[in-house]
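Q: A predicted structure for the sequence below; I have some questions about it.
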Amino acid sequence: MESPNGVKGVTVRRAPNGSAQQLHPAMKANQWQKGQSGNPTGQSGLYGETLRIARQNSPAAMQKPADLMECGDPRVEAVAANALLDRGWGKPKDYDPGREQSSGVPVFDPRQVTPAQLEVIRQAMLLLRAASATVEVMDE
C-alpha cells in the first residue's frame, strides 16, 4: 500500500486509536506476522543465564546452611537442618490417616482393650523395664 503522501515502499498501519503510522520497508520486514509470538517460550533472555548461574553456585549455596548447623545457636541449627533436609529429600508430605491404605494388619484401638488384656500389657511393660535395667547394669 502506498502512503497517503505518495511515497512508494512505505506502509501505512493503523494504530489502535485509529491514527495512521507509516512503517519503513526495513521495519515492515521485521514486523511480527498475525498470530506469531515475539517470545514463544514466555521467558526473558536472562532466564537461561540466571538458571546457569544458580546451578553453577548451588554447591556453595548449600554449604552455607551446612556450616550454620554447627553455629552453636540451636534455633539457627534447627532451621539450617530443615533447609538442608527439605532441599535434599523434599518437603515431608502431610499425613492423612484417611488416605492410608489398609495393609491387612488390624488398626490398634486402645478403647477396645479389655481389662485382662491391659493386665497382660502391664506385665509385658514391667518385663521390658526389668530387662532394660539389667542391660544398663551390664553396660557399666
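A: Looks like it arrived, so ask away.

Q: how far away is L128 from V113?
A: Distance, L128 to V113, by C-beta to C-beta, to the nearest Å: 18 Å. Placement of C-beta: from N, CA and C, glycine included.

Q: swap in Y95?
A: Distance, Y95 to V113, using C-beta to C-beta: 24 Å.

Q: the more surrounded of the two?
A: Each of Y95 and V113 has its neighbours counted (other C-beta atoms under 10 Å); V113 has more, 12 against 7.

Q: can you tell me which residues contact the more buried one?
A: Contacts for V113 (C-beta atoms under 8 Å, 6 or more residues apart in numbering) come out as I121.

Q: Local confidence estimate at it?
A: pLDDT recorded at V113 is 90.

Q: swap in the one 5 residues further on?
A: We have a pLDDT of 91 for L118.

Q: Show me the contact partners of the helix or strand that it is a member of.
A: Here L118, judged by DSSP states H and E, is contained in helix 115-139. If you take C-beta under 8 Å, 6+ apart as the criterion, helix 115-139 is touched by V113.

Q: Mind doing that once more with 7 Å?
A: Helix 115-139 has contacts (C-beta atoms under 7 Å, 6 or more residues apart in numbering) with no other residue.

Q: which residues in this structure form strands?
A: 11-14, 20-23 (DSSP state E).

Q: can you tell me which of those the model trusts least?
A: strand 11-14 (a mean of 62).

Q: Just give me the neighbour total for Q117.
A: Applying other C-beta under 10 Å, we find 11 residues neighbouring Q117.

Q: typed the wrong thing, it's A80
A: 19.

Q: next one: the helix holding L118 to chain centre, how far?
A: Centroid displacement of helix 115-139 relative to its chain, using C-alpha atoms, centre = their mean, to the nearest Å, is 45 Å.

Q: What of stretch 58-67?
A: Distance, centroid of stretch 58-67 to centroid of chain: 18 Å (C-alpha atoms, centre = their mean).
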